[in-house]
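In: got a predicted structure here, sequence first:
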Amino acid sequence: MRTVNAYAAPSAGAPLVPTTLERRDLGAHDVLIEIKYAGICHSDLHTVQGDWGPQQYPLTPGHEIAGIVTEVGAGVTRHAVGDRVGVGCMVNSCGECANCRAGDEQYCLDGAVMTYGAEDRDGTVTQGGYSTHVVVTEDFVLRIPEGIELDVAAPLLCAGITTFSPLNHWKAGPGKKVAVVGLGGLGHLGVKIAHAMGAEVTVLSQSLRKKEAGLALGADAYYATSDPQTFEELAGTFDLVLNTVSAKIDLDAHLSLLNVNGAMVNVGAPAEPLDVNVFSLLANRRTFAGSMIGGIGETQEMLDFCAEHGVGAEIEVISAEQINEAYERVQNSDVRYRFVIDTATLV
């Protein structure tokens, strides 16, 4: 076991505080990563606050991890000391079920082991990336291509794959019209990635406050959902609507924007249930779906795609002592577009 510095929530809703963690000794197929940067995801807030169910505390969040390999187990073949690597939302799965064998480890039938707040295979509770080091089995460690800096790569390990996976699955590309609902941590990467895929991209936001920024990120158009005329003007327009917001929205109004066979995919995860009228789906043979991150292979595909196309997150790098302030700002949507912790400040 090794002791590392970290930040943790001592109880539900409490401010995060400095602490130490015990990381396991390396097994034959484990990789020790010196974490350089860790992104702050809205999921971190929901989890440590207990919005998605009770947690075991103290809890160290963080599943957008970028760093350098400093040690490998005797049987490791995928990574070497000095490699630039990342860890996303999962650190293990059964590896044997149909979904794991298909490369969809996030949908492991035995339950994927999440990077923090989950029971690992050895019975311990996983602790996340707001720390100086982490030990992860090699199969769940991603290679970060040289074309991406580690700080802007960190949010790709959650926000990037969360938007890339549905865009990839529903075949966003040339000739396709894609709407991205929300221009936050998820939405801004959805715009960048959909644009890089060659789709025609429209941002749907509550107001036009971020219009100039949205167009600069690659959007072709920008509309305010607070204006009823938006839904009249854009009715039946889109092949795909990607909803990235973690708050309740009018699903029926947004479903009306889909053309025949269009799909609306939810990647935002509000704490409260969403309502939908089935007639919104019957019209135009529409689909309402959800998507949760991506498998390890697809996540590597996303990182390679982003490196090739120069796609990285728009970030604000902070020190560890600014984490609680950053949480307040995320809660108030006061960030453009992702906070990233410089973990050197944890020492």
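Out: Looks like it arrived, so ask away.

In: apart from its chain neighbours, what residue comes closest to Ser11?
Out: Tyr57 (5.1 Å; Cβ to Cβ, 6 or more residues apart in numbering). C-beta coordinates here come from the backbone N, C-alpha and C atoms, glycine included.

In: which SSE is that neighbour in?
Out: For Tyr57, there is no host helix or strand (DSSP states H and E).

In: and the strands in the stretch 151-300 of the chain?
Out: 177-181, 200-205, 221-224, 238-243, 258-266, 287-290 (DSSP state E, counting those that start in this stretch).

In: would you format those strands as JSON lines with mean neighbour count, distance to Ile144 and mean pLDDT included?
Out: As requested, the strands of the stretch 151-300 of the chain are arranged in JSON lines below (neighbours: other Cβ atoms under 10 Å; distance: least, Cβ to Cβ, whole Å; pLDDT from 0 to 100):
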{"stretch": "strand 177-181", "mean neighbour count": "27", "distance to Ile144": "25", "mean pLDDT": "98"}
{"stretch": "strand 200-205", "mean neighbour count": "25", "distance to Ile144": "25", "mean pLDDT": "98"}
{"stretch": "strand 221-224", "mean neighbour count": "18", "distance to Ile144": "31", "mean pLDDT": "98"}
{"stretch": "strand 238-243", "mean neighbour count": "25", "distance to Ile144": "24", "mean pLDDT": "98"}
{"stretch": "strand 258-266", "mean neighbour count": "19", "distance to Ile144": "26", "mean pLDDT": "97"}
{"stretch": "strand 287-290", "mean neighbour count": "14", "distance to Ile144": "27", "mean pLDDT": "97"}
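
In: with distance to Ala9 as added columns, please give these in TSV.
Out: Shown next, in TSV, are the strands of the stretch 151-300 of the chain (distance: least, Cβ to Cβ, whole Å):
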stretch	distance to Ala9
strand 177-181	29
strand 200-205	30
strand 221-224	36
strand 238-243	28
strand 258-266	26
strand 287-290	27
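
In: of those strands, which is nearest Asp51?
Out: strand 258-266 (16.5 Å; Cβ to Cβ).

In: which neighbours does that closest one have in its sheet, and in what orientation?
Out: According to DSSP bridges, strand 258-266 forms sheet pairs with strand 238-243 (parallel), strand 287-290 (parallel).

In: domain-wise, how is the protein divided?
Out: 1-157+293-343, 158-288 (the TED database).

In: what residues of stretch 248-261 count as buried?
Out: Ile249, Leu251, His254, Leu255, Ser256, Leu257, Leu258 (16 or more other Cβ atoms under 10 Å).

In: how about stretch 194-213?
Out: Buried, per 16+ other Cβ under 10 Å, within stretch 194-213: 194-197, 199-206, 210-211, 213.

In: that stretch: end-to-end distance?
Out: Taking Cα to Cα, to the nearest Å, stretch 194-213 runs 16 Å from one end to the other.

In: which residues are contacting it?
Out: 163, 167, 172-174, 176-183, 187, 191, 214, 217-226, 230, 234, 237-238, 240-242, 254, 257, 305-306, 309, 311, 336 (Cβ atoms under 8 Å, 6 or more residues apart in numbering).

In: also stretch 320-328?
Out: Under Cβ under 8 Å, 6+ apart, the answer for stretch 320-328 is 7, 15-16, 18, 40, 44-45, 130, 318, 335, 339, 341-343, 345-346.

In: these: which two are farthest apart?
Out: The widest separation within the contacts of stretch 320-328 (Cβ to Cβ) is 22.4 Å, between Pro18 and Val335.

In: neighbour count: those two, which is higher?
Out: Val335 (19 against 12; other Cβ atoms under 10 Å).

In: which ones are touching the more buried one?
Out: With Cβ under 8 Å, 6+ apart, Val335 has these contacts: Gly184, Gly185, Glu316, Ala326, Arg329.

In: which of those residues sits closest to Pro273?
Out: Using Cβ to Cβ, the contacts of Val335 come closest to Pro273 at Gly184, 21.2 Å.

In: next, that closest one: phi, psi?
Out: phi -110, psi -150 (degrees, to the nearest 10).

In: name the residues linked to Met90 by a beta bridge.
Out: Met114.

In: actually, Tyr223.
Out: Bridge pairing for Tyr223 - DSSP bridges - gives Leu204.

In: surely it meets Leu234?
Out: Yes: assessed by Cβ atoms under 8 Å, Tyr223 is found in contact with Leu234 at 6.6 Å.

In: okay, now the nearest residue to Val347 once chain neighbours are set aside: neighbour count?
Out: In space, and not counting its chain neighbours, Val347 is closest to Asn5: 5.9 Å by Cβ to Cβ, 6+ apart. Using other Cβ under 10 Å, Asn5 has 17 other residues around it.

In: with Thr244 instead?
Out: Thr244 - counted by other Cβ under 10 Å - has 25 other residues nearby.

In: in the chain, what secondary structure element scores lowest on mean pLDDT?
Out: The helix or strand of the chain with the poorest confidence is helix 42-48; it has a mean of 92 (mean pLDDT, DSSP states H and E).
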